[in-house]
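Undergrad: after the sequence you'll find the predicted model.
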Amino acid sequence: MMSEKKKIKNDVISQQRGILMGISIILIIVFHFTEDCETFAFHYDGWVKWFRMYIGSSSVDAFLFLSGLGLYYSMKKNPDVRSFYKRRLTKILIPYTLVALPAWILRDLVVKPAGVWNFVRDFTFLSFKDGEKWYWYIVMILICYLIFPYIFQIVGNAKDSIEGEMYLLILVGVFTVLLLGLKLFSKGEVYSNVEIALTRFPIFAAGAFYGRSSYEQRESYWKWGVILGVCVLALYLFPGNMPILGRYIRGLLNVSVCALLAVLFSKAKLCVLKKILGWFGTHSLELYLTHVTVRKMMSACGFATCHYRYELIMVAIALFSAWLLAIVCAKLQRLLTKRV
């Protein structure tokens, strides 16, 4: 008798999470390169224009989805909320402080003196609503950490997968209505300044909901194929500018591709490639911080990273800095975790 074909379970994404996060941070760096090419109108054609138009920053959505997935596993392992906040806040605030504090001092107090109060506003994210987006991802992930225990409770209250999906749809619907309300009634450019973060909370919540499906190893992986097909069809039928819905569609499309890649990596050996991508995934936060900092500083000094040579220099500096930052942060986190 032929053996029954082994079904793909939902935990395959979790198994390949480090690799997928590595791919996501690499694509984010590539996106920033294409963004610079468009800004400076320098060789903005071919694959650069295609990437900017069709992939864009959607890898951030995949990154957030994987973060929500990982947080579910973390909370299941240790459901103590105080411990969760302590681990997560130290994990992100230590590297942020080490990188952003000297960066903000240099920008706000040395290069373009803007005063101590502006420095305080920038460092504490108070200026985010006014359009300062240098480290926007950090303020967003901090908010995600703060609200996650409540999302985790909602996920746990679902009796089955159908009820869980209904909860997620209701959550996304309510949040979308709030977004539309902010867009219609906010004064000035508040919505346009913060939409880069706010429109991505649903994909983070989706990752948390999928975390339960993954943790319980449910056999509904086929749904990713359906979602991928629907997203491709939606982008084909509605190629125009859809600020909120378009963000959701591109985010789901990117996550669906991640689901496909998870299956491929689970079956392929590619040991060296997996180790490289795994390193990028493990140090994705540090690499994000060093990358955006070095990129901004180089551009301010006239070394626009739309040029390949400057882009390569920036990546090399960011990689080395991320490696050093990870070592320092690991030691500081162990020290603070023992004392707090």
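TA: That came through fine.
Undergrad: what is the lengthiest helix in the chain packed up against?
TA: As assigned by DSSP state H, the longest helix anywhere in the chain is helix 308-339. The contact analysis (3 or more CB pairs under 8 Å, 6 or more residues apart in numbering; DSSP states H and E) places helix 308-339 against helix 17-39, helix 81-105, helix 284-300. In short, each C-beta sits where N, CA and C put it, glycine included.
Undergrad: mean confidence for the second one?
TA: Okay, so that is helix 81-105. Across helix 81-105, pLDDT averages out at 92.
Undergrad: now the angle from the helix or strand following it to helix 81-105?
TA: Next helix or strand after helix 81-105 toward the C-terminus (DSSP states H and E): helix 116-123. With axes from the mean of the first three to the mean of the last three CA atoms, to 10 degrees applied, the angle from helix 116-123 to helix 81-105 works out at 130 degrees.
Undergrad: and whichever helix or strand comes after helix 116-123, what other elements does it pack with?
TA: Downstream of helix 116-123, the first helix or strand assigned by DSSP H and E is helix 136-157. Packing contacts for helix 136-157, counted by 3+ CB pairs under 8 Å, 6+ apart, involve helix 59-77, helix 81-105, helix 161-185, helix 190-198, helix 201-215.
Undergrad: would a markdown table of those helices with mean neighbour count be doable?
TA: As requested, these are exported to a markdown table (neighbours: other CB atoms under 10 Å):
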| stretch | mean neighbour count |
| --- | --- |
| helix 59-77 | 23 |
| helix 81-105 | 17 |
| helix 161-185 | 14 |
| helix 190-198 | 18 |
| helix 201-215 | 24 |
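Undergrad: give me the buried positions along stretch 326-340.
TA: Within stretch 326-340, the residues scored as buried using 16 or more other CB atoms under 10 Å are 326, 329, 333.
Undergrad: from residue 98, how far off is the last one?
TA: What that stands for is residue 333. 11 Å (CB to CB, to the nearest Å).
Undergrad: repeat that for residue 111.
TA: Taking CB to CB, one finds residue 111 at 19 Å from residue 98.
Undergrad: with residue 71 instead?
TA: 23 Å.
Undergrad: same deal with residue 191?
TA: Taken as CB to CB, the span from residue 191 to residue 98 is 32 Å.
Undergrad: now do residue 160
TA: Distance from residue 160 to residue 98, by CB to CB: 45 Å.
Undergrad: one more: residue 276?
TA: 25 Å.
Undergrad: ditto for residue 269
TA: Counting by CB to CB - residue 269 and residue 98 are separated by 37 Å.
Undergrad: next: residue 159.
TA: In terms of CB to CB, residue 159 sits 45 Å off from residue 98.
Undergrad: likewise residue 23?
TA: 26 Å.
Undergrad: is it true that residue 65 touches residue 203?
TA: Yes: applying CB atoms under 8 Å as the test, residue 65 and residue 203 come out as touching, 5.2 Å apart.
Undergrad: hey, what's in contact with both of those two?
TA: 251, 255 (CB atoms under 8 Å, 6 or more residues apart in numbering).
Undergrad: quick one: contacts of stretch 279-289?
TA: With CB under 8 Å, 6+ apart, stretch 279-289 has contacts from 17-26, 28-29, 63, 91-92, 95-96, 99-100, 135, 137-138, 318-319, 321-323, 325-326, 329.
Undergrad: try 6 Å this time
TA: Residues outside stretch 279-289 that contact it (CB atoms under 6 Å, 6 or more residues apart in numbering): 18, 21-22, 25, 95, 99, 322, 325-326.
Undergrad: lovely, talk soon.
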